[in-house]
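>>> 3D model of this:
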Amino acid sequence: MKEKTTPFFHLQYSEETTADLRGRQSVRTTFKLSERSIGALSILAGQLGIKQKSLFDHLIEDTKALRMIASEFVNVGQATQRVAKTYVISRKTLESLERVSEQYNTPRDALVEYSIERILPLLVREKEKHAKRKMLVEELQEYLRLGTAILDRAENDLGPDDPVSLEIFNMMRSVNTCCRELEQCVVRGSKIENF
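Numbers count the residues shown, from 1 in each chain. As a prediction, this is how the structure comes out:
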């Protein structure tokens with residue numbers, strides 16, 4: 001009887017692969033930021049449906065932008081109140097931030113603050129979209145009210161078991177479900193209204 005052998009592949013991990021894996025580890029670190037920046041990061045992550053860590057990593061991993069911010073940084077003092085806030089970010093992001101901070105002799109907190117400032121135009125666009133979503137939901141609510149009135153009329157004129165009444169009922173049930181989901185979407189995004 002011939003013995004079955006399972007092919008065994010030798011996987012080799014280079015030091016680069018190991019370093020990359022370590023770079024993906026999450027670490028906690030604290031920054032002193034303005035409440036505006038803290039709010040902007042939180043709100044935009046919520047609007048986009050992503051984790052703050054992902055947004056934070058995306059902003060800080062852009063070393064070209066980070067170096068540009070650091071090279072143009074002028075210490076203007078602490079004009080605004082700063083709040084200590086702890087974030088979970090990747091080790092790679094933290095190392096990149098510390099490397100640029102050290103290389104340009106720029107405070108880490110300032111680099112983070114100005115990096116977050118870069119997303120403010122995106123936040124403004126999301127705020128405009130939110131306002132449009134609210135208007136569309138209001139229009140859909142009116143559509144639901146009109147459809148409900150048509151359903152009532154169909155049930156009164158044709159009876160609730162009539163095929164036309166049943167189809168209108170199914171249509172309005174779908175519209176009602178859709179309307180509720182869209183209302184929840186607007187409620188979830190309502191934090192942006194106060195920004």
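>>> and Glu98, that one's in a helix?
Yes. Using DSSP: H, G, I helix; E, B strand; the rest coil, the assignment for Glu98 is a helix.
>>> in space, what's closest to it - neighbours in sequence excluded?
Closest residue to Glu98 in three dimensions, ignoring its sequence neighbours and counting by CB to CB, 6 or more residues apart in numbering: Arg108, at 6.7 Å. To be clear about C-beta, it is placed using only N, CA and C from the backbone, and glycine gets the same treatment.
>>> surely that neighbour touches Arg99?
No. Arg108 is beyond contact range of Arg99, at 10.5 Å (criterion: CB atoms under 8 Å).
>>> SS state for the closest residue to Ser26 other than its chain neighbours?
Among residues not flanking Ser26 along the chain, Val88 sits closest, at 5.1 Å (CB to CB, 6+ apart). At Val88 the chain is in strand, as set by three-state DSSP.
>>> give me the number of residues near Val88?
13 (other CB atoms under 10 Å).
>>> isn't it up against Arg28?
Yes. Shown here, Val88 and Arg28 form a contact pair, counting by CB under 8 Å, at 5.6 Å.
>>> close enough to count as contact, Phe31 and Val83?
No. Applying CB under 8 Å, one finds Phe31 not in contact with Val83, separated by 9.3 Å.
>>> so between these two, which is more surrounded?
Legend: neighbour count by other CB under 10 Å for Phe31 and Val83, higher for Phe31 (23 against 12).
>>> packing partners for the strand or helix carrying the more buried one?
Assigned by DSSP states H and E, Phe31 belongs to strand 26-34. On a contact count with 3 or more CB pairs under 8 Å, 6 or more residues apart in numbering; DSSP states H and E, strand 26-34 meets strand 82-90, helix 91-104, helix 108-117.
>>> at 10 Å instead, please
For strand 26-34, the packing partners by 3 or more CB pairs under 10 Å, 6 or more residues apart in numbering; DSSP states H and E come out as helix 35-48, helix 52-61, strand 82-90, helix 91-104, helix 108-117.
>>> in contact with the residue nearest to Tyr87 when sequence neighbours are not counted, which residues?
In space, and not counting its chain neighbours, Tyr87 is closest to Phe56: 5.7 Å by CB to CB, 6+ apart. With contact taken as CB atoms under 10 Å, 6 or more residues apart in numbering, Phe56 is in contact with 29, 31, 41, 45, 87-90, 93, 97, 112, 115-116.
>>> need these in CSV with pLDDT and distance to Lys129, can you?
Shown next, in CSV, are these (pLDDT from 0 to 100; distance: CB to CB, whole Å):
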residue, pLDDT, distance to Lys129
Thr29, 92, 32
Phe31, 93, 28
Leu41, 89, 18
Ala45, 87, 15
Tyr87, 92, 26
Val88, 92, 28
Ile89, 91, 27
Ser90, 91, 29
Thr93, 90, 28
Leu97, 91, 30
Val112, 92, 26
Ser115, 89, 23
Ile116, 89, 20
